[in-house]
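J.: With the input below, show me the fold.
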Amino acid sequence: MRYLTAGESHGPKLTTIIEGMPAGVPLLAEDINKDLARRQKGHGRGRRMQIETDTAEITSGIRHGKTLGSPIALVVENNDWKHWTKIMGIEPITDEEAENIARTITRPRPGHADLNGGMKYGHRDLRNVLERSSARETTVRVAAGAVAKTLLSQLGIEIGSHVVKIGGVEAKDCSYESMKQLQEKTEASPVRCLDEQASIEMMKAIDDAKANGDSIGGIVEVVVEGMPAGVGSYVHYDRKLDSKLAAAILSINAFKGVEFGIGFEAADRFGSEVHDEIAWSEERGYYRLTNRLGGLEGGMTTGMPLVVRGVMKPIPTLYKPLKSVDINTKEEFNASIERSDSCAVPAAAVVAESAVAWELASAIVDQFPSDTLKGLKEYLELYRQQLKEF
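T.: Alright, predicted model coming up:
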């Protein structure tokens with residue numbers, strides 16, 4: 001499977017086209033809109049979330065509530081477009097109009113794509129860069145992820161996410177009894193954290209950062225249950241599932257690190273404290289006594305829950321701006337403010353969840369080829385039975 005996205009932050013709409021989804025998968029707009037709403041929540045979000053109420057329109061690939069096997073097109077309208085029609089219009093404008101309405105940006109913001117993108121494409125107006133590099137694009141990535149999650153659910157695979165750390169505040173108790181409980185508890189938390197006390201402290205840390213004109217980042221964790229062993233490959237570097245998952249996480253705006261299971265903590269442990277011992281029972285087949293490696297070995301799933309963690313840096317646009325240089329005058333200045341989120345970590349957990357869901361759904365469709373949901377279920381059921389008998 002694959003998908004492309006198109007659209008600018010203040011353009012008329014965002015679009016994604018999904019290819020490779022099997023026919024017969026039940027899919028409604030409300031399945032997608034539920035996750036779009038989740039992405040907009042979270043303590044620390046700015047005014048843009050009050051302007052936009054994201055909903056997806058399905059314009060192709062679905063008939064009578066089920067996928068057709070043909071490309072699926074999803075469109076999310078930008079409600080604020082009416083205020084940007086001249087600034088972001090498609091038709092040419094005169095030099096006088098450009099001076100009056102284009103709101104040309106020549107001052108790159110540290111931590112953004114502004115300067116590098118302008119240098120790469122030769123843009124003297126850096127708005128041409130920041131409109132596309134904006135995290136607004138993750139709206140339709142979440143929409144694509146929601147489609148992938150619908151397929152995974154049909155195959156008995158469930159996914160959830162939660163926030164592990166914001167600023168210097170780390171959750172101490174991240175326990176949950178079921179995926180359903182994880183999902184319910186995080187939806188009830190303004191910072192999507194399982195630890196109630198840590199949630200309170202995280203919100204205070206966000207408020208303190210905002211009061212100081214600053215921003216803070218954090219760590220999110222995605223958990224997946226129900227993946228069979230052996231999805232992925234050890235044969236080639238580009239077919240390793242952990243490699244694809246790492247790339248997906250790091251492709252999210254502002255994410256700068258990824259780990260699986262205990263991750264970087266493994267550097268401080270002995271091998272006997274890192275690797276997961278293997279056991280077998282007639283009921284379960286092969287399984288691991290621990291899950292320190294996060295459900296992945298040798299580029300493949302082990303059958304244990306997948307645990308993927310990503311670190312998000314603080315949002316670089318601050319109310320106490322950092323220094324930069326004007327690309328026209330070369331004069332030093334304090335960077336401009338384009339958005340007002342002081343922390344987007346809770347929302348980023350939903351984006352990470354979607355990114356992981358897409359990679360897993362794609363890996364399954366690639367490994368168990370079928371043009372229909374019915375055929376895919378049969379392939380997967382046969383494979384799971386073979387695993388138990390191995």
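
J.: what separates the closest residue to G20 other than its chain neighbours from K185, distance-wise?
T.: For G20, ignoring the flanking residues on the chain, the nearest one in space by C-beta to C-beta, 6 or more residues apart in numbering is M1 at 3.4 Å. (Glycine included, C-beta is placed from N, CA and C.) Separation of M1 from K185 (C-beta to C-beta, to the nearest Å) stands at 31 Å.

J.: In the helix or strand encompassing I17, which residues are buried?
T.: Using DSSP states H and E, I17 falls within strand 13-19. The neighbour-count check on strand 13-19 (16 or more other C-beta atoms under 10 Å) flags L14, T15, T16, I17, I18 as buried.

J.: measure the last one to I58 for me?
T.: When distance is defined by C-beta to C-beta, I18 is 10 Å away from I58.

J.: and if you look at the first one?
T.: With distances defined as C-beta to C-beta, the gap from L14 to I58 amounts to 14 Å.

J.: quick revisit: could you list the paired strands of the strand holding I17 along with their orientation?
T.: If you go by DSSP bridges, strand 13-19 pairs up with strand 2-6 (antiparallel), strand 72-77 (antiparallel).

J.: export it as CSV, just CAs?
T.: Extracted in CSV, the C-alpha atoms of strand 13-19 (Å, rounded to 0.1, in the frame of the first residue of the first chain):
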residue,chain,number,x,y,z
LYS,A,13,-7.9,21.9,1.5
LEU,A,14,-5.7,18.9,2.3
THR,A,15,-5.9,15.7,0.3
THR,A,16,-4.6,12.2,0.5
ILE,A,17,-4.9,9.4,-2.1
ILE,A,18,-4.6,5.8,-0.7
GLU,A,19,-3.7,2.9,-3.0
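
J.: Check which element follows that strand along the chain.
T.: helix 29-40.

J.: Next, the contact list for the most centrally placed residue in the chain, please.
T.: In the chain, the centroid-proximal residue (C-alpha atoms, centre = their mean) is V351; its distance is 2.4 Å. By C-beta atoms under 8 Å, 6 or more residues apart in numbering, V351 lies in contact with R39, T138, R141, V142, G145, I252.

J.: could those residues go into TSV alongside secondary structure?
T.: Putting those into TSV (DSSP: H, G, I helix; E, B strand; the rest coil) gives the following:
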residue	secondary structure
R39	helix
T138	helix
R141	helix
V142	helix
G145	helix
I252	coil
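
J.: can I assume the residue nearest to G20 is in contact with A361?
T.: Yes - if you go by C-beta atoms under 8 Å, M1 and A361 touch, sitting 6.5 Å apart.

J.: Need the residues touching each of the two.
T.: A148.

J.: residues in contact with stretch 359-373?
T.: Stretch 359-373 is contacted from outside by 1-2, 20-25, 67, 69, 148-149, 151-152, 154-155, 157, 159, 224, 227, 231-232, 241, 244-245, 248, 306, 376, 378-380, 383, using C-beta under 8 Å, 6+ apart.

J.: hang on, I meant stretch 245-263
T.: 133-135, 137-138, 141, 217, 242, 269, 274, 291-296, 306-313, 315-316, 344, 348, 351-352, 355-356, 358-359.

J.: 7 Å instead?
T.: 135, 138, 242, 291-294, 296, 307-313, 315, 348, 351-352, 355-356, 358-359 (C-beta atoms under 7 Å, 6 or more residues apart in numbering).

J.: got the contact list for the nearest residue to G156 once chain neighbours are set aside?
T.: Excluding the flanking residues, the one nearest G156 by C-beta to C-beta, 6+ apart is G226, at 4.9 Å. For G226, the contacting residues are G156, I157, E158, by C-beta under 7 Å, 6+ apart.

J.: one more time with 10 Å
T.: By C-beta atoms under 10 Å, 6 or more residues apart in numbering, G226 lies in contact with 152-153, 155-159, 179, 303, 305-306, 360, 384.

J.: Pop out the phi and psi values for it.
T.: Backbone torsions of G226, given as degrees, to the nearest 10, read phi 100, psi 0.

J.: for this protein, what helix or strand is lowest in average pLDDT?
T.: helix 48-51 (a mean of 59; mean pLDDT, DSSP states H and E).

J.: Can you give the distance of the helix or strand that that helix is followed by from its chain's centre?
T.: Scanning forward in sequence from helix 48-51 by DSSP H and E, the next helix or strand is strand 56-60. How far strand 56-60 lies from its chain's middle: 20 Å, per C-alpha atoms, centre = their mean, to the nearest Å.

J.: strands paired with strand 56-60, and their directions?
T.: Going by DSSP bridges, the partners of strand 56-60 are strand 72-77 (antiparallel).

J.: Contacts only, for the spatially closest residue to V75 that is not a sequence neighbour.
T.: Excluding the flanking residues, the one nearest V75 by C-beta to C-beta, 6+ apart is E57, at 4.7 Å. Neighbouring residues of E57 by C-beta under 10 Å, 6+ apart: K13, T15, A29, I32, N33, A73, L74, V75, V76, E77.

J.: returning to that earlier point: JSON lines please, covering the contacts of V351 and showing pLDDT, distance to N212 and neighbour count.
T.: Below are the contacts of V351 laid out as JSON lines (pLDDT from 0 to 100; distance: C-beta to C-beta, whole Å; neighbours: other C-beta atoms under 10 Å):
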{"residue": "R39", "pLDDT": "95", "distance to N212": "26", "neighbour count": "27"}
{"residue": "T138", "pLDDT": "97", "distance to N212": "26", "neighbour count": "24"}
{"residue": "R141", "pLDDT": "98", "distance to N212": "31", "neighbour count": "23"}
{"residue": "V142", "pLDDT": "98", "distance to N212": "30", "neighbour count": "28"}
{"residue": "G145", "pLDDT": "98", "distance to N212": "34", "neighbour count": "29"}
{"residue": "I252", "pLDDT": "98", "distance to N212": "26", "neighbour count": "20"}
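
J.: what would those residues look like in a markdown table with distance to E332?
T.: Below are those laid out as a markdown table (distance: C-beta to C-beta, whole Å):
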| residue | distance to E332 |
| --- | --- |
| R39 | 36 |
| T138 | 32 |
| R141 | 36 |
| V142 | 38 |
| G145 | 41 |
| I252 | 31 |
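
J.: That'll do, ta.
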